[in-house]
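Asks: kindly generate the corresponding structure for this input.
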Amino acid sequence: MSHTDWIERDLALAIHAAREAGLRVEALRRSGRWSEESMRADIGDQAADGWLRGLIEGRCPEDGVLSEETADSAQRLAKSRVWIIDPLDGTKEYSQMREDWAVHVALCIDGACALGAVALPASGQVLWGVSLPGRERGGIVGGGTLQRGDSPQPAAPRMVVSRSHTPEWTANFARILGVGEQRPTGSVGYKAACLLLGIADVYVHKKGLKEWDTCAPEAVARALGWSVCKLRGDEHRYNQADPKNHELVICRPAHKQAVLTALERSGALEA
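Replies: Predicted coordinates:
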């Protein structure tokens, strides 16, 4: 199979998987059958996980899978191709009938994200991207216009931040960088989508992330020419024995050095 053939096949699978899983759990929460407490107890997460794993393992039986909702297995470490999925990114927002949650489906190859899809089920959109060097391209299903990493930004950049946890260094960083607006929102995938949809310009996060939080958003952002790295500028590696992947920076390449400098001066690296 040629490079083009498998890319198209796997990209189509990622988009279909993310979109359909999102439609299923969106219908589940709108059924009125489950209370907010029940939905926060992983009702949607488990429903999406079971469907996604059945689809991916059925279509790609030789590949590994790493999912937030399924017990991990060391067998994936011996695989070149591993699907990394977050069946429901933003369980709290999902349970509260908010729109800022997502479904992530990504494929990593030899430790690097190769392609991915981030579904935003509440709006019916799926952002997708191929981030393989030399083959980068991205797009959206369900309407909307995407911003590339080289698109103009406001004089004062806009930043997405957590709804529930904004450490002191975040305010320092925003001040040093000259952020004009901070937009509180939930879900890693939704925050990344805010940049790609032109709602914000910078996203930084330090602790509490895993590979399934970052892989699909990174694939889509890189595909559209955005810079993605850790707080010191290091690249992410995927399919690691420990899937913790705490640090995440997404910004335009032209502003990467200013963002990294502001992070250092803000105290984020020591906090």
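
Asks: list the buried residues in the lengthiest helix in the chain.
Replies: Ranked by number of residues, the top helix in the chain under DSSP state H is helix 3-30. Buried residues in helix 3-30, counted by 16 or more other C-beta atoms under 10 Å: 7, 10-11, 13-22, 24-26, 28-29. The way it works is simple: take the backbone N, C-alpha and C, and place the C-beta from them, glycine included.

Asks: can you tell me the element the residue minimising distance to the centre of the chain falls in?
Replies: Note on the chain: the residue nearest the mean C-alpha position is residue 217, at 2.9 Å, using C-alpha atoms, centre = their mean. Per DSSP states H and E: residue 217 is located in helix 211-223.

Asks: per-residue pLDDT, residue 1?
Replies: Per-residue pLDDT puts residue 1 at 56.

Asks: repeat that for residue 95.
Replies: Listed pLDDT for residue 95 reads 88.

Asks: how many neighbours does it have?
Replies: Number of residues near residue 95 (other C-beta atoms under 10 Å) recorded here: 22.

Asks: check residue 75 too.
Replies: Residues lying near residue 75 (other C-beta under 10 Å) number 9.

Asks: where does residue 189 sit: helix, strand or coil?
Replies: Using DSSP: H, G, I helix; E, B strand; the rest coil, the structure places residue 189 in helix.

Asks: across the sheet, point out what pairs with the nearest residue to it once chain neighbours are set aside.
Replies: In space, and not counting its chain neighbours, residue 189 is closest to residue 102: 3.1 Å by C-beta to C-beta, 6 or more residues apart in numbering. On the basis of DSSP bridges, residue 102 is bridged to residue 89.

Asks: could you pull out the strands in the stretch 101-250 of the chain for me?
Replies: 102-109, 112-120, 125-130, 137-141, 158-162, 181-185, 202-205, 227-229, 248-251 (DSSP state E, counting those that start in this stretch).

Asks: how about those in JSON lines, adding distance to residue 84?
Replies: Below are the strands of the stretch 101-250 of the chain laid out as JSON lines (distance: least, C-beta to C-beta, whole Å):
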{"stretch": "strand 102-109", "distance to residue 84": "5"}
{"stretch": "strand 112-120", "distance to residue 84": "8"}
{"stretch": "strand 125-130", "distance to residue 84": "14"}
{"stretch": "strand 137-141", "distance to residue 84": "18"}
{"stretch": "strand 158-162", "distance to residue 84": "22"}
{"stretch": "strand 181-185", "distance to residue 84": "22"}
{"stretch": "strand 202-205", "distance to residue 84": "17"}
{"stretch": "strand 227-229", "distance to residue 84": "15"}
{"stretch": "strand 248-251", "distance to residue 84": "14"}
